[in-house]
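**Student:** Predicted model follows, preceded by the sequence.
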Amino acid sequence: MTTFFRQFWMHLAVIIVAVTALVLVSQEASANRVVLSEGYEDADLELQGKKLKGFALGSDGLIADWYWIRSLQYIGDKLVKNDLSNINIENLRPLNPRLLYPLLDNATDLDPRFIAAYTYGAVLLPAIDRDQAIALTEKGIQANPGSWRLYHYLGYIYWRANEFQKAADIYDEGSKIAGSPPFLKQMSAAMRTRGGSRDTARQIYTQMLNESDDRQGRQNAELRLMQLDSLDELDAINAVLKTVIADGSPCPSSLAPILPRLMNSKLPGGRDFRVSADRQLVDPTGIPYFLDRNTCAATVDGINSKIPKF
């Protein structure tokens, strides 16, 4: 019994000394903490999960899901923390999202059939690094040769880069896959004849909106479609403004006076102009269009609207 108590008190003394030392070291570290540079949280991934492939005791898919969820949170955190008044969805490089590709690369190495991870990268990576977007999507096609959706997204990447012939060839390849929809064949023809048209863009983003598996992908497609609607509306508004000037009248102080003239303008798809309760022409997000009286031209509100200016 004496030996037991002696060992007990010795162990207790060791624990007390260790805890005391830990507290002192923590206080010293806090007092002398190094100020880390901005973006330190984007240090290279310490854990390369793909190196665990085959050694994870059947948990490869679970680890892949973790990287996938982390990639969604990563971009979400970037958008929340960013203080830019208007994010340019054509160029996300100012957000410095350098870990998106490594996260998706790990996820798809662990689960090569993770289609959602490939398509998510195909939507966002072109605005960050086009080569990474192509590499990830081609990786997906190699691992999933029967997935026509990946051909659609690879064609989309080349379409965004204005490489219409390359996009046409890719859509054509995808159309040969069993079970692929007629949409791919239609896109192949559209790329060769009117690759840069808004109608082609509308078809692409409508398809992406209908088939996207993640919220951010759908939001991106919705925003793109609103951009296209806005462009059609601005074309009609500015055409009327030009006739006002051509008639020798001064540029109006607001867009309200031209509303009667716009009634004769036809928007694609039979859409109507959006007019607020106080008779302001508003964009698809409900924000009034801005009238630059120096040029007598209407644009989207670059500060308040979610739609980027063109």
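**Tutor:** That came in fine, so what should we check first? Everything numeric here is computed off the predicted structure, so don't read it as measured data.
**Student:** Give me the residue ranges of this protein where confidence is low.
**Tutor:** 1-58, 83-88, 308-310 (pLDDT under 70).
**Student:** rerun that using 80 as the cut-off
**Tutor:** 1-60, 79-90, 212-217, 308-310 (pLDDT under 80).
**Student:** Please parse it into its domains.
**Tutor:** By the record's domain assignment, the chain is partitioned as 48-222, 223-299 (automatic domain parsing).
**Student:** for those domains, which one sits closest to Ile307?
**Tutor:** With Cβ to Cβ, the closest approach to Ile307 among the domains of the chain belongs to domain 223-299: 5.3 Å. Bear in mind the C-beta positions are built from the backbone N, C-alpha and C, glycine included.
**Student:** Start and end of the closest one, how far apart?
**Tutor:** 16 Å (Cα to Cα, to the nearest Å).
**Student:** let's number from 8 now, not from 1
**Tutor:** Okay, residue one is now 8; in that scheme the one you just asked about reads as domain 230-306.
**Student:** List the contacts of the closest residue to Pro188 other than its chain neighbours.
**Tutor:** Closest residue to Pro188 apart from its sequence neighbours, by Cβ to Cβ, 6 or more residues apart in numbering: Trp155 at 7.4 Å. Residues near Trp155 by Cβ atoms under 8 Å, 6 or more residues apart in numbering: 181-182, 184, 186-188, 191.
**Student:** Output the residues you listed in TSV; the columns should cover secondary structure and distance to Asn103.
**Tutor:** Shown next, in TSV, are the contacts of Trp155 (DSSP: H, G, I helix; E, B strand; the rest coil; distance: Cβ to Cβ, whole Å):
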residue	secondary structure	distance to Asn103
Gly181	helix	33
Ser182	helix	38
Ile184	coil	37
Gly186	coil	40
Ser187	coil	37
Pro188	coil	37
Leu191	helix	35
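**Student:** re earlier: where's the residue nearest to Pro188 relative to Asp116, distance?
**Tutor:** 23 Å (Cβ to Cβ, to the nearest Å).
**Student:** now do Ala123
**Tutor:** Distance from Ala123 to Asp116, by Cβ to Cβ: 15 Å.
**Student:** Brilliant, that's me finished.
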